[in-house]
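Chemist: All I have is the shape, not the residue letters:
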């Protein structure tokens with residue numbers, strides 16, 4: 001019984017010691033992403049849409065200022081907003097940035113890039 005008690009105490013000591021070593025550095029800057037996305041989805045009007053677009057642009061700017069990686073999907077989502085606004089060249093730029101930053105998104109971003117380029121040739 002005593003060995004079990006010592007073993008549990010040691011295990012708890014190790015766990016709590018390792019918890020003290022955890023880093024508190026932020027990996028990404030998200031800004032007001034959740035708030036503006038929720039507002040844009042809940043009440044889809046031009047004002048909320050513009051606020052969300054501005055938030056995405058702010059996230060990119062702040063991430064660069066803070067020397068953080070832009071969160072996954074932000075470049076792609078901003079590119080899609082530009083695509084919906086028929087600004088296809090800018091959309092392609094952001095799709096390519098997403099694919100460079102997150103290579104696992106390359107297949108999806110390549111398909112969106114093809115769609116934007118095809119839309120350019122139709123106009």
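Modeler: Received the coordinates, thanks. Keep in mind that this is a model prediction, so the values were computed, not measured. Residues are numbered from 1 along each chain as shown.
Chemist: and residue 33, how many neighbours?
Modeler: 19 (other Cβ atoms under 10 Å). No exception for glycine: its C-beta is placed from N, CA and C like everyone else's.
Chemist: For residue 117, give me its contacts.
Modeler: 88, 92 (Cβ atoms under 8 Å, 6 or more residues apart in numbering).
Chemist: Next one: residue 81 from residue 31, what distance?
Modeler: Noted for residue 81: a distance of 16 Å to residue 31, by Cβ to Cβ, to the nearest Å.
Chemist: Does residue 95 touch residue 79 like I think?
Modeler: Yes: the criterion here is Cβ atoms under 8 Å, and residue 95 meets it with residue 79 at 4.5 Å.
Chemist: any common contacting residues for those two?
Modeler: 112, 116.
Chemist: How far does the helix or strand where residue 75 lies sit from its chain's centre?
Modeler: In this structure, residue 75 sits in helix 74-84 according to DSSP states H and E. Counting by Cα atoms, centre = their mean, to the nearest Å, helix 74-84 is centred 12 Å from the centre of its parent chain.
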